[in-house]
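In: Here is the input, now give the coordinates:
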Amino acid sequence: MAYTLDHVMMRIEDEEESLDWYTEHLDYEIKGEMEGGDFTNYYLGPEDVHEDGALLELTYNHGDHSYEMGDAWGHIAVRVEDVEEAYYELMDEGVEDYRPPEENPGYAFVKDPDGHEIEIVERDYGAPWSIDHTMIRVEDATEALGYWMRTFEYEHTGRWEADTFANYFMKPEDAAEEAMAIELTYNYDGREYTMGDAWGHVCVRADDLADDWETLMTRETADYRDPESCDYTYGFTKDPDGHEIELLER
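Out: I've put the predicted structure just below:
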C-alpha cells in the first residue's frame with residue numbers, strides 16, 4: 001500500500017551503546033545496515049515484525065557529534081501486552097526511571113541513551129515492542145490534519161482531546177492494524193516548536209517513486225530533495241511544520 005509508514009529515523013551519538021540498548025531491552029534485531037561513507041544507518045525491529053510494520057532507523061554519523069533534541073518531535077510508542085509489567089522489567093534491567101505507569105494509567109515512558117522518549121502502550125495486536133506510532137507536534141491542527149489527509153490520503157484512526165491539547169492519530173485508508181500511525185499533537189496555547197536535529201524523519205512507502213513523487217507535487221507538498229537529486233533511490237518532502245518525510249519505493 002502506498003504511503004504506509006516504513007520507518008522513523010533518529011540520530012545517535014554512540015552506535016555500540018544504542019544498538020546494545022535496543023537489542024537488549026526491546027529485543028530488537030538488526031534488519032539491515034547501510035554504509036554511507038561518513039555515516040551508518042541501522043534498521044531495527046522485533047524478530048516477527050509485521051510486513052506492514054515500521055522499523056526504527058538509527059543513524060550514526062562517524063566521529064564526535066552531539067545533537068539537540070528540540071521539541072517539534074515527541075516520541076515513538078512501542079506495543080506491549082501489559083504496560084506495568086513491561087515497564088518494571090525495564091527498570092530491573094537498569095533502564096532509567098522516567099514516567100512510570102502510576103503517573104499515567106495505561107501508558108508509561110522511558111528514554112534511550114540519547115534521550116529520545118519512548119512511550120509504552122498496551123495493545124493486543126502486533127509483535128511485542130513493535131512501533132505503534134510516532135508523535136510530532138504541530139502548530140496548526142487544521143493545517144496539519146489537512147496536509148496528511150490530502151497529501152498522503154490518511155484518515156483518522158483515533159483522537160483524544162484534553163483541556164490543553166489534542167492528539168490525532170492517522171494512517172492510510174485500509175492500513176494494517178499493525179502499521180505505524182502518525183500522532184499529531186496540538187497544544188492549545190499557540191506555542192512554537194524547535195526542530196532540533198536528534199530526530200531525522202519519518203518515511204512513507206511508495207509503489208512507484210517517480211509517479212508518487214509527481215502526485216505529491218501536484219498536491220503542493222514541499223519539493224525539498226527530489227528523487228533526481230537522490231539518484232532516484234528516495235525523495236524528501238516536509239510537512240507544514242518542517243518535519244522531514246522521506247518517500248521510499250517498496
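
In: contacts, neighbours, all on C-alpha from now
Out: Noted.

In: quick check: mean pLDDT across stretch 31-46?
Out: Stretch 31-46 shows a mean pLDDT of 96.

In: repeat for stretch 178-188
Out: 98.

In: helices or strands up against the helix or strand of the chain with the lowest mean pLDDT?
Out: Here the helix or strand of the chain ranked lowest by mean pLDDT, DSSP states H and E is strand 154-161, holding a mean of 94. In terms of contacts (3 or more C-alpha pairs under 8 Å, 6 or more residues apart in numbering; DSSP states H and E), strand 154-161 is packed against strand 165-172.

In: picking up where we left off before, for the least confident helix or strand of the chain, buried residues please.
Out: Residues of strand 154-161 classed as buried: 154-157 (neighbour count, 16 or more other C-alpha atoms under 10 Å).

In: got it, and stretch 242-250?
Out: 243-249.

In: Tell me the one among those nearest to M217.
Out: L247 (12.2 Å; C-alpha to C-alpha).

In: For that closest one, which residues count as its bridge partners?
Out: Bridge pairing for L247 (DSSP bridges) gives the partners V204, G235.

In: So it sits against C203, correct?
Out: Yes: with contact defined as C-alpha atoms under 8 Å, L247 and C203 form a contacting pair (5.9 Å).

In: phi, psi of the residue of the chain lying at maximal distance from its centre?
Out: Ranking residues of the chain by C-alpha distance from their mean position (C-alpha atoms, centre = their mean) puts D92 at the top, at 26.3 Å. Main-chain torsions, D92, degrees, to the nearest 10: phi -60, psi -30.

In: quick one: it from V80, how far?
Out: 17 Å (C-alpha to C-alpha, to the nearest Å).

In: now G115
Out: 21 Å.

In: neighbour count winner among those two?
Out: V80 (24 against 12; other C-alpha atoms under 10 Å).

In: got the contact list for the more buried one?
Out: 86, 120-124, 128-129 (C-alpha atoms under 8 Å, 6 or more residues apart in numbering).

In: swap in E13?
Out: Per C-alpha under 8 Å, 6+ apart, neighbours of E13: 60-61, 64-67, 114.

In: Now distance to N187 too, for these, in TSV please.
Out: Formatted as TSV, the contacts of E13 follow (distance: C-alpha to C-alpha, whole Å):
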residue	distance to N187
Y60	32
N61	33
D64	35
H65	31
S66	28
Y67	25
D114	25
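
In: buried stuff in stretch 178-194?
Out: Buried residues in stretch 178-194 (16+ other C-alpha under 10 Å): 178-187.

In: Give me the contact list for that stretch.
Out: By C-alpha under 8 Å, 6+ apart, stretch 178-194 touches 4-6, 50, 52-54, 70-72, 125-126, 131-141, 144-145, 164-171.

In: Also stretch 120-132?
Out: Contacts of stretch 120-132 (C-alpha under 8 Å, 6+ apart): 26-27, 45-46, 48-50, 53-56, 76-83, 87, 106-110, 177-181.

In: What mean pLDDT does that stretch get?
Out: Across stretch 120-132, pLDDT averages out at 97.

In: Next, the buried residues of it.
Out: 120-123, 126-132.

In: Give the buried residues for stretch 12-22.
Out: Those would be 12-15, 18-19, 21-22, for stretch 12-22 by 16+ other C-alpha under 10 Å.

In: and those as JSON lines, adding secondary structure?
Out: Shown next, in JSON lines, are the buried residues of stretch 12-22 (DSSP: H, G, I helix; E, B strand; the rest coil):
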{"residue": "I12", "secondary structure": "strand"}
{"residue": "E13", "secondary structure": "coil"}
{"residue": "D14", "secondary structure": "coil"}
{"residue": "E15", "secondary structure": "helix"}
{"residue": "S18", "secondary structure": "helix"}
{"residue": "L19", "secondary structure": "helix"}
{"residue": "W21", "secondary structure": "helix"}
{"residue": "Y22", "secondary structure": "helix"}
